[in-house]
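Colleague: sharing a model that was predicted from the sequence below.
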Amino acid sequence: MAEITSNLIRELREMTGAGMMDCKNALTQTDGDIDAAVDFLREKGLGKAAKKADRLASEGLISVEVAADYSKATISEINSETDFVAKNDKFVNMTKKITKHIQDNDIPSVEELQKGSIDGVNFSDFLNSQIASIGENLVVRRFVTIKATADSIVNGYIHSNARVGVLLEAKISGVDTQKAADLLKNIAMHAAAMKPVFLSYKELTPDFVEKEFVALKANIEKENEESRRLKKLEKKIPLYGSKVEITDAVLEGIKKELEAELKAQGKPEKIWDRIIPGQIERFIADNTQLDQQYALLSQFYVMDDSKTIEQAIKARAEELGGTIELTKYVRFELGEGLEKKSDDFAAEVAAQLN
């Protein structure tokens, strides 16, 4: 049995918002495995949707470089040891320089970047000189470049704190390039704030949906317990979590149920066609909550919450007299995937250099 330390309990509590004893019990049940303990709490409706990124300790900057003609866009993450250095003009300028260098030279990976040169010197020598000048270990951790095709454009957005960045690619037809690019930037701003993991609900795997649906229902049931105590209206427990589960057979069954309800209510059959589509749309909305949380196209647009992102794009394309289809989505958040195993981030960055 692993030792359940007070620091481990505190870390789990900070990640999930669960009570101290609940955290201790979860860690005991999972033999001190903090990721399994997060899942344990969520399945019991005792923890918020904590992500591994919630316990990351990384400083540095996300950088985004977009070509003037929207033919290419690059996003990078470059780490430093401290937030203080991340705000240093030398470090800021260095991240921009490296990101542009990556884009201009079509560099495909960190390994290839390190093998090459910049400003006529070996890249590792260049980076070492920056480390000596700035006074901290620095790591080019990751980057992605999206190249547009003949019928697509790319655009990106970097949040004002340079800790979150997004790239998007879209196929366009019959639409002004600049206006389509402006729309992509607005959608990227939405994605930066709302944190979708996937572009489309079609990317959600059955295992992912099953696991997250258990947590979703547990959270609603927990909220309903409080609603009952306060004599407030309870939320309905959904039958499904994602559109991937809602087959034609499911929709046909729902349609028959709705018809039976309308018949029982004495509604004339001639008006059913005006009522049922809206009710089916509501059923889909109520039973695709995982899509709305995790898939960009299914989220309600922050600039017009009466429409999903998919609907907003379609509406704007129609206004512009053509079509726009999102095809690629990349989102970087600073420190994503770097786990905080200790408070010594300097050692963590140094480990990346070895």
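Modeller: That came through fine.
Colleague: leaving out chain neighbours, which residue sits closest to Val250?
Modeller: Ranked by CB to CB, 6 or more residues apart in numbering and with sequence neighbours excluded, the top spatial neighbour of Val250 is Tyr240, at 7.6 Å. Any C-beta I mention is one placed from the backbone N, CA and C, and that applies to glycine too.
Colleague: now the helices: where do they sit in the stretch 101-250 of the chain?
Modeller: In the stretch 101-250 of the chain, the segments counted as helices under DSSP state H, counting those that start in this stretch are 110-115, 123-134, 177-194, 206-229, 248-264.
Colleague: pipe the ones you listed into TSV and attach mean pLDDT per row.
Modeller: Written out in TSV, the entries for the helices of the stretch 101-250 of the chain read as follows (pLDDT from 0 to 100):
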stretch	mean pLDDT
helix 110-115	96
helix 123-134	93
helix 177-194	98
helix 206-229	95
helix 248-264	96
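Colleague: closest one to Leu296 among these?
Modeller: Using CB to CB as the measure, helix 177-194 is the one of these that comes nearest Leu296, at 5.7 Å.
Colleague: and the closest one, what does it pack against?
Modeller: strand 152-158, strand 164-173, helix 309-319, strand 323-333 (3 or more CB pairs under 8 Å, 6 or more residues apart in numbering; DSSP states H and E).
Colleague: which one of these lies closest to Lys235?
Modeller: helix 309-319 (23.9 Å).
Colleague: which of the residues in that closest one are buried?
Modeller: Buried residues in helix 309-319, defined by neighbour count with 16 or more other CB atoms under 10 Å: Ile309, Glu310, Ala312, Ile313, Arg316, Ala317.
Colleague: check stretch 280-291 too.
Modeller: Phe283, Ile284, Asn287, Thr288, Gln289, Leu290, Asp291.
Colleague: out of these, who's nearest Ser6?
Modeller: Closest to Ser6, out of all of these and judged by CB to CB, is Leu290, at 34.5 Å.
Colleague: and the pLDDT at the closest one?
Modeller: pLDDT recorded at Leu290 is 98.
Colleague: how close does it get to Thr308?
Modeller: Leu290 sits at a distance of 14 Å from Thr308 (criterion: CB to CB, to the nearest Å).
Colleague: again, but for Pro277
Modeller: Pro277 sits 16 Å away from Thr308, going by CB to CB.
Colleague: got a list of what Ser227 touches?
Modeller: Contact analysis of Ser227 by CB atoms under 8 Å, 6 or more residues apart in numbering lists Leu233, Glu234, Lys235.
Colleague: mind giving me a markdown table with those residues and columns for distance to Ser173 and neighbour count?
Modeller: Supplementary listing: the contacts of Ser227 in a markdown table, determined by distance: CB to CB, whole Å; neighbours: other CB atoms under 10 Å:
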| residue | distance to Ser173 | neighbour count |
| --- | --- | --- |
| Leu233 | 46 | 8 |
| Glu234 | 47 | 13 |
| Lys235 | 41 | 13 |
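Colleague: hang on, the earlier thing: phi, psi for the residue nearest to Val250 please.
Modeller: As for Tyr240, its main-chain torsions (degrees, to the nearest 10) stand at phi -140, psi 160.
Colleague: tell me if I'm right that it and Ala285 touch.
Modeller: No: here Tyr240 does not reach Ala285: they are 11.4 Å apart, not a contact under CB atoms under 8 Å.
Colleague: still on that earlier bit, out of the contacts of Ser227, who's nearest Asp207?
Modeller: Using CB to CB, those come closest to Asp207 at Lys235, 25.3 Å.
Colleague: what's the closest non-adjacent residue to that closest one?
Modeller: Closest residue to Lys235 in three dimensions, ignoring its sequence neighbours and counting by CB to CB, 6+ apart: Ile220, at 5.2 Å.
Colleague: off-centre distance for whichever strand or helix holds Glu77?
Modeller: Element membership for Glu77, per DSSP states H and E: strand 72-80. Taking CA atoms, centre = their mean, to the nearest Å, the mean C-alpha location of strand 72-80 is offset from the chain mean by 17 Å.
Colleague: can I get stretch 262-281 as PDB, trimmed to CA atoms?
Modeller: The C-alpha trace of stretch 262-281 is given here as PDB (Å, rounded to 0.1, in the frame of the first residue of the first chain):
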ATOM      1  CA  LEU A 262     -48.900  14.500 -28.700                       C
ATOM      2  CA  LYS A 263     -51.700  12.000 -29.500                       C
ATOM      3  CA  ALA A 264     -52.400  11.600 -25.800                       C
ATOM      4  CA  GLN A 265     -52.500  15.300 -25.400                       C
ATOM      5  CA  GLY A 266     -55.100  15.600 -28.100                       C
ATOM      6  CA  LYS A 267     -52.900  17.600 -30.500                       C
ATOM      7  CA  PRO A 268     -54.200  17.400 -34.100                       C
ATOM      8  CA  GLU A 269     -51.900  15.200 -36.200                       C
ATOM      9  CA  LYS A 270     -51.700  17.900 -38.900                       C
ATOM     10  CA  ILE A 271     -49.600  20.100 -36.600                       C
ATOM     11  CA  TRP A 272     -47.200  17.400 -35.400                       C
ATOM     12  CA  ASP A 273     -44.700  18.200 -38.100                       C
ATOM     13  CA  ARG A 274     -44.400  21.700 -36.700                       C
ATOM     14  CA  ILE A 275     -43.800  20.500 -33.200                       C
ATOM     15  CA  ILE A 276     -41.700  17.300 -33.400                       C
ATOM     16  CA  PRO A 277     -38.600  18.700 -35.200                       C
ATOM     17  CA  GLY A 278     -38.100  21.300 -32.400                       C
ATOM     18  CA  GLN A 279     -38.600  18.600 -29.700                       C
ATOM     19  CA  ILE A 280     -36.100  16.300 -31.400                       C
ATOM     20  CA  GLU A 281     -33.600  19.100 -31.600                       C
END
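Colleague: nothing else from me, thank you.
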